[in-house]
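K.L.:
I would like the atomic coordinates for the input below:
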Amino acid sequence: MSNQNVREVEHEITVDAGADEVYRLLAECVHWPRLFPPTVYVDRTGISAEEERIRIWATANGEAKNWTSRRWLKPAERRIDFRQEVSPPPVASMGGGWIIEPLSDKQSRVRLRHDYRAIDDDPESLKWIDEAVDSNSRKELGALKANIERATVTAEEDLLLSFTDTVEIAGSAKDVYEFVNEAGKWTERLPHVARVSLQEDTPGLQILEMDTRTKDGSTHTTKSVRVCFPNEKIVYKQTTLPALMALHTGYWEFVEHDAGVTATSEHTVVINTANVTEILGADATVADAKQFVRNALSTNSRATLGHAKDYAEKRS
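P.N.:
Next comes the predicted model:
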């Protein structure tokens, strides 16, 4: 195809952090779900010190997508080039690069380049890609700036919370996975779920929206993108969050052994400081918010694991 059919765009942002630190954060792509709003999960396979293959699950214009890319890491140049091996429709091909330029010891310019084509050079598809690339690039650069400046410039209280709940089940990983995977049935199976909507246009890639009951009888709505690895793991990221959370990622993991299954629920949360006093009272602190969130999430996780245990053990 002629180059005239390839769209080339560039976005940039100035970050109050050194170029080497910015490069390191971009190179460590397994942390992108915490860093970039569109990214749900990244699986990394090293090829060499300079080249690697990564599989990415992310949202684009509100749709869940996944693709595999090659990355070429150039630390001396503070540059990372990438190209999708197989692009998700309506993208025919896509590549680009991250370029980090030092402006001073404590400030950098980050440039994010993309080149892409639409399948059959369809104008409507190209418009969709234009909008997705522009939206995601702005979100990613804004999140990169906010996260790295918070980590390297300010001395804010630690807002990150990560914990697990685990239960032993005398059953099969297949049955435990089935219970968690079939979230569309949770209103029938889990007392704390008031409403649920499960969309799975691509096998193993789900959009889950649900209303969850709290102890006082009220409900809150969450929406998540879930990546499912049959009988082993379900990874998710919430895209619609409760008021106390600025980020919520997690996974369900099922490890089979001679005595049954070890089932684990993991949560990683960043507290939204803007809503702490509004939700918990004028004297509430970040520590109070972390404890409140942990109790709420852990209660629901343990309840789900308990019902999954009953389900699997009855079938064994």
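
K.L.:
From residue 141, how far out is the residue sitting nearest the centre point of the chain?
P.N.:
Centroid check for the chain by C-alpha atoms, centre = their mean gives residue 40 as the closest residue, at 2.5 Å. According to C-beta to C-beta, to the nearest Å, residue 40 and residue 141 sit 18 Å apart. C-beta coordinates here come from the backbone N, C-alpha and C atoms, glycine included.

K.L.:
any low-confidence regions in the stretch 101-250 of the chain?
P.N.:
Within the stretch 101-250 of the chain, the ranges that satisfy pLDDT under 70 run 151-157.

K.L.:
Go again with 80.
P.N.:
150-157, 215-217 (pLDDT under 80).

K.L.:
where along it do the helices fall?
P.N.:
123-152, 173-181, 186-189 (DSSP state H, counting those that start in this stretch).

K.L.:
Now do the longest one: which elements does it pack against?
P.N.:
What that stands for is helix 123-152. strand 7-15, helix 19-27, helix 32-35, strand 51-60, strand 107-118 (3 or more C-beta pairs under 8 Å, 6 or more residues apart in numbering; DSSP states H and E).

K.L.:
Enumerate the positions of that helix that are buried.
P.N.:
125-126, 128-129, 132-133, 135-137, 140-141, 143-145, 147-148 (16 or more other C-beta atoms under 10 Å).

K.L.:
Out of the residues you listed, flag the one nearest to residue 168.
P.N.:
residue 147 (36.6 Å; C-beta to C-beta).

K.L.:
who are the neighbours in contact with the closest one?
P.N.:
Residues near residue 147 by C-beta atoms under 8 Å, 6 or more residues apart in numbering: 25, 34-35.

K.L.:
which one of the residues you listed sits closest to residue 100?
P.N.:
The nearest member of those to residue 100, counting by C-beta to C-beta, is residue 25 at 9.7 Å.

K.L.:
now the closest one: how far from residue 148?
P.N.:
6 Å.

K.L.:
hmm, back to that, go through the strand or helix carrying the residue nearest to the centre of the chain and flag the buried ones.
P.N.:
Using DSSP states H and E, residue 40 sits within strand 39-46. Neighbour counts over strand 39-46 (16+ other C-beta under 10 Å) mark 39-43 as buried.

K.L.:
Rebuild these as JSON lines, extending it with pLDDT and distance to residue 300.
P.N.:
Formatted as JSON lines, these follow (pLDDT from 0 to 100; distance: C-beta to C-beta, whole Å):
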{"residue": "39", "pLDDT": "94", "distance to residue 300": "24"}
{"residue": "40", "pLDDT": "95", "distance to residue 300": "20"}
{"residue": "41", "pLDDT": "96", "distance to residue 300": "21"}
{"residue": "42", "pLDDT": "95", "distance to residue 300": "26"}
{"residue": "43", "pLDDT": "93", "distance to residue 300": "27"}
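
K.L.:
count of residues packed around residue 237?
P.N.:
26 (other C-beta atoms under 10 Å).

K.L.:
any idea how far it lies from residue 222?
P.N.:
Distance from residue 237 to residue 222, by C-beta to C-beta: 11 Å.

K.L.:
Out of the buried residues of strand 39-46, flag the one nearest to residue 121.
P.N.:
Among the buried residues of strand 39-46, residue 39 lies closest to residue 121 (C-beta to C-beta), at 27.8 Å.
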